[in-house]
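>>> Fold the following.
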Amino acid sequence: MKDDAFETLLRDALRADVKASQGCLADLEERVASELGDRRPRLRWFQWLAQLLAPTRSGRIGQIAVVGATAAIFLFLGVTLSDNVPRMGEGTQLSLQPVQSADGTQEVLFVLPALDAEDVAVVGSFNAWEGTDLSDPDGDGIWTASIPLSPGRYEYAFIIDGRWWGQDPLADEYIQSFGEYSSVRYIGRGGDGA
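Next comes the predicted model:
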């Protein structure tokens, strides 16, 4: 068979197939459109995010919904976690001001919030840099120690589970030596208002 005869035979076979299936193709577009109806294509996550951030009306409604849902989640977490916040009872007061003793020393309260700590101590110039343990008797994560000190300037730091922590938020000032910070507290005569 020659190439021309083969091509003619192939072309005629294809035309016959197309003519036979022409009835199936009639109104195909309308059938597909009616079957899909008002369905929208399923979006991938990045397409959904792009629509959420889009400045269209539906995009703005989506933004408002996300902000509202976020606010509701934070409100729920706040109410749930507020039960774990320690509350002071009636008449309970916490004073960080030193209390003057008869011998001229003052009881100075060292306070450190360390929720996950297991061992907390304070070291400083008042105890020859040897640890004085802080206690947390009620387990609320607030560690305290009351130490009698004479008027003067004291450098100190906390040791939390063996790690140096020298920036006490209640300190009068901070100093840095040997690459580490230490806190400074003034007791009496111009310091702590005493």
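
>>> Show me which positions of whichever helix in the chain runs longest end up buried.
Determined from DSSP state H, the single longest helix within the chain is helix 57-81. With burial defined by 16 or more other C-beta atoms under 10 Å, the residues of helix 57-81 counted as buried are Gly62. C-betas here are computed from N, CA, C, even on glycine.

>>> before we move on, what about stretch 168-175?
Along stretch 168-175, these residues count as buried under the neighbour rule (16+ other C-beta under 10 Å): 168, 171.

>>> average pLDDT across it?
When pLDDT is averaged over stretch 168-175, the result is 87.

>>> What are the contacting residues of it?
Residues lying outside stretch 168-175 but in contact with it, judged by C-beta atoms under 8 Å, 6 or more residues apart in numbering, are 96, 110-112, 155-158, 166-167, 181-186, 191-192.

>>> quick one on the thing from earlier: from the middle of its chain, how far away would the longest helix of the chain be?
Here the centre of helix 57-81 is set off from its chain's centre by 17 Å, with C-alpha atoms, centre = their mean, to the nearest Å.

>>> pull the CA atoms of stretch 163-170 into CSV?
Presented in CSV, the C-alpha positions along stretch 163-170 are these (Å, rounded to 0.1, in the frame of the first residue of the first chain):
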residue,chain,number,x,y,z
ARG,A,163,22.1,29.3,86.1
TRP,A,164,23.1,32.8,86.9
TRP,A,165,20.4,35.4,86.5
GLY,A,166,21.5,38.9,87.4
GLN,A,167,18.8,41.3,86.2
ASP,A,168,16.2,41.5,89.0
PRO,A,169,13.3,43.7,87.8
LEU,A,170,13.1,45.1,91.4
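
>>> chain center to that stretch: distance?
22 Å.

>>> now swap in stretch 72-85 and tell me
14 Å.

>>> okay, now Gln167: neighbour count?
Taking other C-beta atoms under 10 Å as the neighbour definition, Gln167 ends up with a count of 13.

>>> Name the SS class of it, please.
Using DSSP: H, G, I helix; E, B strand; the rest coil, the structure places Gln167 in coil.
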